[in-house]
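*Asks:* predicted model, plus sequence, below.
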Amino acid sequence: MLLPRQPINPLNSQLATDQPNLTPFSLAMSTILQQSFSVPFTYPVAFTENLFASGNALFAGIFPEGQRAKVFFVVDSGVAACHPGLIQQIKQYAEAYPLWMSVVAEPLVVTGGEACKNDPEAYQQVVKATHLHGIDRHSYIAAIGGGAVLDMVGFAAAIAHRGIRLLRIPTTVLSQNDSAVGVKNSINAFGKKNYLGTFTPPFAVLNDFTFLESLEDRDWASGISEAIKVALIKDLHFFEWLEKEAPALAQRKMEPMKAHIIRSAKHHMDHIAGADPFEFGSSRPLDFGHWAAHKLEKLSDFRIRHGEAVAIGIALDSAYSFLQGRIGEADLLRIFRLFQTLGLSLYAPELQGADLLRGLTEFQEHLGGKLTIMLLEQLGTGVEVHEMDHQRILASLQLLRQWEERGSLTGIS
């Protein structure tokens, strides 16, 4: 005799020991044990100067008391070239604090820039070093460099021994004000940016402003685009401050640079802590302007650096917001002129229509769910949308091209 089917909620199923009078039918039901636990993550984001000067105890002081920390350093080749005495300074610093730390091997110098995320040999070098030098889960990997190197080393640290403690020491504007303070680590694969990666918080982030002094002008300026991003979607007063300080920032004045980095980093940290740090959903406000930026980087074969691409991506999505009637022409001009004051271009010939639209599809795939794009409701306030009109995207692109060619939006309505 067949028993009638009953609606079953498998989450309400119980162990047989809880029900002594089970029927043969109920014994055939699934048993599900529900697991639930939480793990708090805490890490400092510090700002200093001359991190490895013997009189600066910040680095040594981050390690737990009572144990001598084993530290393995990985250094961006660009940083090593600009600071030829850095590796020796690190060794001397460790000698000055022998009770706190030791450098377990010669620091590894790796190729900087996006190349290190495109070449699997780069992260494998780091993983191999953990094997050769006995770097275990109670050791530390200290990554010194720009955002790409920090991404790559963070990925290697996360997969070796299922997680080695990572110290991030960002050396660019973009990595200090944005990428280094978060929980993402990644490398590129299959021609797609950040295809392989982890969400693994660092043990600490140590920002040394003195590294910024050796940056090229384009890296100094383009890193500010991430601060403009967060100001546009979260903080009108910050955007107005950036407008006011833009000439000084363009002239490489250090004080406004420090102030903007700390304020931008705080915004990024607050968002990560208060929303969806491991991005289980499809809402990613901090990716404002990034769907086009990621595609542009690839289309230019990374001739265009991330911060430069983000500036163009922000301009494109701002233009789209304008064409939707969300912001006015005066608002759009303020955004464009801010980038102009900083010396950042808002158009690139690689951004052709069909390729750009494919970037939107790839971004949705990366989200793993429905399309969610951040636009501007007004300056300082973002709004999420779940569809974008292709013709309006192309019209937005034409606005950027017109601005690049004429420096105006005359006749646009």
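*Replies:* Yep, that arrived.

*Asks:* how near is Ala122 to Ala81?
*Replies:* 17 Å (CB to CB, to the nearest Å). From N, CA and C alone the C-beta is placed, and that goes for glycine too.

*Asks:* these two - which one has more neighbours?
*Replies:* More crowded of Ala122 and Ala81, by other CB atoms under 10 Å: Ala122, with 21 against 12.

*Asks:* show me what contacts the more buried one?
*Replies:* Under the criterion of CB atoms under 8 Å, 6 or more residues apart in numbering, the neighbours of Ala122 are Val110, Thr111, Ala115, Cys116, Met152, Ile187.

*Asks:* so where do the strands sit in this protein?
*Replies:* 45-48, 69-76, 101-103, 108-110, 140-145, 165-170, 184-189, 192-199, 204-208, 373-378, 381-385 (DSSP state E).

*Asks:* which residues touch His133?
*Replies:* Phe72, Val104, Ala105.

*Asks:* re earlier: how about the strands of the chain in JSON lines, adding distance to Val126, mean neighbour count and mean pLDDT?
*Replies:* Below are these laid out as JSON lines (distance: least, CB to CB, whole Å; neighbours: other CB atoms under 10 Å; pLDDT from 0 to 100):
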{"stretch": "strand 45-48", "distance to Val126": "23", "mean neighbour count": "16", "mean pLDDT": "98"}
{"stretch": "strand 69-76", "distance to Val126": "6", "mean neighbour count": "24", "mean pLDDT": "98"}
{"stretch": "strand 101-103", "distance to Val126": "16", "mean neighbour count": "18", "mean pLDDT": "96"}
{"stretch": "strand 108-110", "distance to Val126": "7", "mean neighbour count": "21", "mean pLDDT": "98"}
{"stretch": "strand 140-145", "distance to Val126": "7", "mean neighbour count": "27", "mean pLDDT": "98"}
{"stretch": "strand 165-170", "distance to Val126": "11", "mean neighbour count": "26", "mean pLDDT": "98"}
{"stretch": "strand 184-189", "distance to Val126": "11", "mean neighbour count": "21", "mean pLDDT": "94"}
{"stretch": "strand 192-199", "distance to Val126": "14", "mean neighbour count": "16", "mean pLDDT": "91"}
{"stretch": "strand 204-208", "distance to Val126": "18", "mean neighbour count": "22", "mean pLDDT": "98"}
{"stretch": "strand 373-378", "distance to Val126": "33", "mean neighbour count": "20", "mean pLDDT": "95"}
{"stretch": "strand 381-385", "distance to Val126": "36", "mean neighbour count": "16", "mean pLDDT": "94"}
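
*Asks:* right, and the ones you listed - which one's nearest Val39?
*Replies:* strand 192-199 (12.2 Å; CB to CB).

*Asks:* got any ranges where the stretch 301-413 of the chain has weak pLDDT?
*Replies:* Residues of the stretch 301-413 of the chain that meet the criterion pLDDT under 70 lie in 367, 369, 410-413.

*Asks:* no no, the stretch 1-150 of the chain
*Replies:* Short version for the stretch 1-150 of the chain, where the test is pLDDT under 70: 1-28.

*Asks:* which one of the strands of the chain lies closest to Gly274?
*Replies:* Across the strands of the chain, closest to Gly274 is strand 381-385 (CB to CB), at 14.7 Å.

*Asks:* how far does stretch 397-409 sit from its chain's centre?
*Replies:* Mean-position distance between stretch 397-409 and its chain equals 29 Å (CA atoms, centre = their mean, to the nearest Å).

*Asks:* in it, what's buried?
*Replies:* Leu397, Leu399, Leu400, Gln402, Trp403, Glu404, Leu409 (16 or more other CB atoms under 10 Å).

*Asks:* contact partners of that stretch?
*Replies:* 312, 315-316, 319, 322-323, 329, 332-333, 336, 340, 345-347, 351, 353, 356, 412.

*Asks:* select the longest helix from the chain.
*Replies:* The residue-count maximum for a helix in the chain (DSSP state H) belongs to helix 254-274.

*Asks:* list the buried ones in that one?
*Replies:* 256-258, 260-265, 267-268, 271-272.

*Asks:* over to stretch 201-218?
*Replies:* Pro201, Pro202, Phe203, Ala204, Val205, Leu206, Asn207, Asp208, Phe209, Phe211, Leu212, Leu215.

*Asks:* what's the distance between Leu174 and Arg305?
*Replies:* 8 Å.

*Asks:* my bad, Gln324
*Replies:* In terms of CB to CB, Gln324 sits 29 Å off from Arg305.

*Asks:* touching, Lys193 and Phe302? I think so.
*Replies:* No - look at Lys193 against Phe302 with CB atoms under 8 Å: they stay out of range, at 9.6 Å.

*Asks:* count of neighbours near Gly78?
*Replies:* 21.

*Asks:* now swap in Ser175 and tell me
*Replies:* Ser175: 29 neighbours (other CB under 10 Å).

*Asks:* check contacts around it.
*Replies:* Ser175 touches Gly145, Gly146, Gly147, Leu150, Arg168, Gly223, counting by CB under 8 Å, 6+ apart.

*Asks:* what pLDDT does the model give the residue nearest to Gln124 when sequence neighbours are not counted?
*Replies:* Leaving aside its chain neighbours, Gln124 sits nearest to Ala156 (7.8 Å; criterion: CB to CB, 6 or more residues apart in numbering). According to the prediction, Ala156 has pLDDT 98.

*Asks:* again with the one 5 residues further on
*Replies:* At His161, the predicted lDDT confidence score is 96.

*Asks:* what's around the nearest residue to it once chain neighbours are set aside, how many residues?
*Replies:* Excluding the flanking residues, the one nearest His161 by CB to CB, 6+ apart is Arg137, at 4.9 Å. Arg137: 11 surrounding residues under other CB under 10 Å.

*Asks:* could you report the neighbour count for Phe37?
*Replies:* Around Phe37 there are 4 residues (other CB under 10 Å).

*Asks:* so what's the backbone phi/psi at it?
*Replies:* Dihedral pair for Phe37: phi -160, psi 160, per degrees, to the nearest 10.

*Asks:* thanks again, I'm all set now.
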